[in-house]
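K.L.:
Have a look at this fold, sequence not included:
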């Protein structure tokens, strides 16, 4: 009897998480994605030399600790190429970066997020004021908050890993077949070097 109630509780939680995620994507597509952005995404876009010509990168850092440390290596390699790198990072991860004073940060606090895991209006307005040549979202699993944040920043090129609804947020998507994020980020860096 107890097992059945635990199973139904897990099923209910999974149902509500799925519902919350779908509702979040619906609201994000109607609130944060401008219709002009959607029209522009269908227009042909040249990626020739965009990484070589780019001066500033915003790297949206992942949440898991292992992915975070691998993402720092990725950011370091971009910086070694002479690019100005800013990190979009959650408040609880800032302590890991105190020794990396050569990065600029956009710090995300818990109060910057709604219950549907979307940026609050004030934070979204602040993000719209930011401008970068390239935005790279290093979240491999689905993360609606980071996908929306990557889209709010003023940038011509938005790069992310392929996941559900990613075509709404990124104009360059990388297919990820790796289990280890270090390999995924290395493959992404190799792909970017072609540009």
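P.N.:
Sure, I can see it. This is a predicted model, so every value here is computed, not measured.
K.L.:
What is the subsequent helix or strand relative to the lowest-mean-pLDDT helix or strand in the chain?
P.N.:
In the chain, the helix or strand scored least confidently by mean pLDDT, DSSP states H and E is helix 35-42, which has a mean of 46. Sequence order places helix 50-53 as the next helix or strand after helix 35-42, per DSSP states H and E.
K.L.:
now the protein, which segments are flagged as low pLDDT?
P.N.:
For the chain, the stretches flagged by pLDDT under 70 are 1-12, 20, 23-48, 96, 98-101.
K.L.:
which phi and psi does the residue nearest to the spatial centre of the chain have?
P.N.:
The centre of the chain sits closest to residue 137, judged by CA atoms, centre = their mean, with a distance of 3.2 Å. The phi/psi pair for residue 137 (degrees, to the nearest 10) reads phi -90, psi 110.
K.L.:
Can you list the strands that the longest strand seen in the chain pairs with?
P.N.:
The longest strand of the chain (DSSP state E) is strand 84-90. Looking at strand 84-90 with DSSP bridges, its partner strands are strand 56-60 (parallel), strand 104-108 (parallel).
K.L.:
Looking at those, which one is packed in the most?
P.N.:
strand 56-60 (a mean of 23; mean count of other CB atoms under 10 Å). (Each C-beta comes from the backbone N, C-alpha and C, glycine too.)
K.L.:
Report the distance from that one to the chain centre.
P.N.:
Relative to its chain's centre, strand 56-60 lies at 10 Å (CA atoms, centre = their mean, to the nearest Å).
K.L.:
how big is the angle separating the helix or strand just after that strand from strand 84-90?
P.N.:
Next helix or strand after strand 56-60 toward the C-terminus (DSSP H and E): helix 65-80. Helix 65-80 runs at 160 degrees relative to strand 84-90, counting by axes from the mean of the first three to the mean of the last three CA atoms, to 10 degrees.
K.L.:
Give me the contact list for helix 65-80.
P.N.:
57, 59, 61-62, 85, 87, 93, 96-97, 100, 102-103, 136, 138-140, 181-182, 185, 188-189 (CB atoms under 8 Å, 6 or more residues apart in numbering).
K.L.:
Same check on stretch 179-195?
P.N.:
Here stretch 179-195 has contacts from 47-52, 62, 64, 66-67, 70-71, 73-74, 77-78, 136, 138, 140, 159, 161, 174, 176, 178, using CB under 8 Å, 6+ apart.
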